[in-house]
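Visitor: Mind looking at a prediction? Sequence and model below.
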Amino acid sequence: MVSNPISLMATPRRGHYDAIIVGARCAGAATAMLLARAGLKVLAIDRKPYGSDTLSTHALMRPAVLQLWRWGLLERLLKAGTPLIETTTFHYGDEEITIPLAASSDLPGLIAPRRTVLDRILVDAARKAGAEMLHEVAVGDLFADTRGRVRGIEIRAAGRTAVRVSADIVVGADGIGSLVAKCVDAQTLRRGAVSAAHVYGYAPVEPGAGYHWYFRDGIAGSFIPTNDSLACIVASVPTGLFDQRFRLGHARARIDMLEALSPALAAQAARAPKDARLQAFRGVPGYIRQPHGPGWALVGDAGFFRDPITSHGISDALRDAESLARAILNGSEAAFAVWQQQRDMIANQILDTTDAIAGFDWTLDDLGERHRRFSAILKAEVQALAGQPMPARRAAASKPSTYRAAANQDKPPAELSRNRTGARP
């Protein structure tokens, strides 16, 4: 067996970085890449192995595809065998509405890459830009100076003394259960009202298939072509129904739900090997957390989570990674305030519309209107992204006068003397 050369025994090459990012999936790797491309010294750390899989619907919406094209990564994903999605079909009961996706040079269609492909390409791009990427490394805590400003992280491994590494900013890109959010006591600004459960499985798919979204009263499903000639087939139900129907076994209950949605979809799911593994997400109500404070920031699901039923999580992660990178590179309090204002504006709209769908309180007659509202948000998001410049570092003369360690400083300042107060992991 070939093992990853980076393990829990790995340690960073430097004692101080411009930015440390905890989590190296979509949001974390993208943030690391953008900061490194702008010339910052960046360290990104992830507990999981390089290239490992993670639970995902895979489906990218227009904003995410546009971001990947702007960053020069879309072609790599297509060359890696990610199928190009050229149509999306909504099934409202027995009614079908198929929408061809107009192609352009920057948006040839949609894609739904496996996370083993997407995350690896983002990590590779970050490393190529100069970021230091460590996998299978555990962050145990943050530490702060005497004024309460976060100054770095502690890396812990069994049988070893904790290693402290300092940074001008620590970014939490570590998901729903974010350690960084706990350590800094990040406040929840808003909580969603509903949660839905989703059971995922893979089955063979013919080339050229598009996205399919299925809805009947009280249940939903999706068919999402991805890499390796497979489709991710998802059954989605209210969390309460999941607790009633799925507790005795996911496989049979999932097929029953898919059969109720569409016999053809159930037949497609039945093509999976008998020993194919299913994955389930019981659901968590959405939330918007305070995204930044003295010496820290949150991005991706660590800062904003919405139910997967609208398949917008990766789009949110990539959008917020770029806007956070822009704020970090600017370095001023005003830039972070603008970043939060922009993030909250789009996040509130997406959470509103996602909850309106994930609540399953709709009828088929009004569900189409909810989808049209969500599509309008996506169009506005694409227009805003298309007009944004790539993140760039400000000229040295215009940098703020607040403390910022020299980029080549290999040892942390002497004032880094105590652990961060607040919640512990």
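Guide: Noted; the coordinates are in hand. Numbering: from 1, shown residues only.
Visitor: Give me the pLDDT value at Pro100.
Guide: Looking at Pro100, its pLDDT is 93.
Visitor: measure Leu364 to Glu95 for me?
Guide: Taking Cβ to Cβ, to the nearest Å as the criterion, Leu364 is separated from Glu95 by 8 Å. Quick note: C-beta positions are derived from backbone N, CA and C, even for glycine.
Visitor: Which one's more surrounded, the two?
Guide: For Leu364 versus Glu95, the count of surrounding residues by other Cβ atoms under 10 Å is larger for Leu364: 14 against 10.
Visitor: Give me the buried positions along the lengthiest helix in the chain.
Guide: Of all the segments assigned as helix in the chain under DSSP state H, the longest by residue count is helix 333-358. Along helix 333-358, the positions that meet the burial threshold by neighbour count (16 or more other Cβ atoms under 10 Å) are 335-336, 339-340, 342-344, 346-347, 349-358.
Visitor: do the same with stretch 259-267
Guide: Neighbour-count burial for stretch 259-267 flags 259-262, 265-266 (criterion: 16+ other Cβ under 10 Å).
Visitor: Over to stretch 188-202?
Guide: Of the residues in stretch 188-202, those buried under the neighbour-count criterion (16+ other Cβ under 10 Å) are 189, 192, 194-202.
Visitor: Please apply the same query to stretch 217-236.
Guide: By neighbour count, with 16+ other Cβ under 10 Å as the criterion, the buried positions of stretch 217-236 are 219-227, 230-236.
Visitor: which one of these sits closest to Val123?
Guide: Within the set of those, Asn227 lies nearest Val123; the separation is 16.6 Å, counting by Cβ to Cβ.
Visitor: so that closest one touches Arg115, yeah?
Guide: No. Using Cβ atoms under 8 Å, Asn227 makes no contact with Arg115, being 9.9 Å away.
Visitor: Return the residues in contact with Thr363.
Guide: Asp217 (Cβ atoms under 8 Å, 6 or more residues apart in numbering).
Visitor: Provide the backbone phi and psi angles at it.
Guide: The phi and psi values for Thr363, taken as degrees, to the nearest 10, are phi -110, psi 160.
Visitor: and the gap between it and Gly283?
Guide: Thr363 sits at a distance of 22 Å from Gly283 (criterion: Cβ to Cβ).
Visitor: what about the strands in the stretch 301-425 of the chain?
Guide: Using DSSP state E, counting those that start in this stretch, the strands found in the stretch 301-425 of the chain span residues 304-305, 418-419.
Visitor: All the helices of the chain, residue numbers only.
Guide: Here the chain has its helices, by DSSP H, at 26-37, 62-70, 74-79, 115-128, 179-183, 239-245, 250-261, 263-269, 313-330, 333-358, 364-386.
Visitor: and the first one, what's its mean pLDDT?
Guide: To tie it back to what came earlier, the one meant is helix 26-37. Mean per-residue pLDDT for helix 26-37: 98.
Visitor: can you tell me how far the closest residue in space to Phe360 that isn't next to it in sequence sits from Asp361?
Guide: Spatial nearest neighbour of Phe360, excluding adjacent residues (Cβ to Cβ, 6 or more residues apart in numbering): Pro238 at 4.9 Å. Going from Pro238 to Asp361 by Cβ to Cβ gives 9 Å.
Visitor: related to what we said a few turns ago, what about the helices of the chain, which gets the closest to Arg306?
Guide: helix 333-358 (4.3 Å).
Visitor: can you give me how far the closest one is from the chain middle?
Guide: Here helix 333-358 shows a centroid-to-chain-centroid distance of 15 Å under the convention Cα atoms, centre = their mean, to the nearest Å.
Visitor: again with stretch 373-384
Guide: That offset, for stretch 373-384, works out to 18 Å (Cα atoms, centre = their mean).
Visitor: swap in stretch 229-240?
Guide: The answer for stretch 229-240 is 18 Å, by Cα atoms, centre = their mean.
Visitor: Averaged pLDDT, it. What do you get?
Guide: If you average the pLDDT values across stretch 229-240, you get 96.
Visitor: do the same with stretch 358-369
Guide: Predicted confidence along stretch 358-369 averages 94 (mean pLDDT).
Visitor: Also stretch 134-151?
Guide: Per-residue confidence for stretch 134-151 averages out to 95 on the pLDDT scale.
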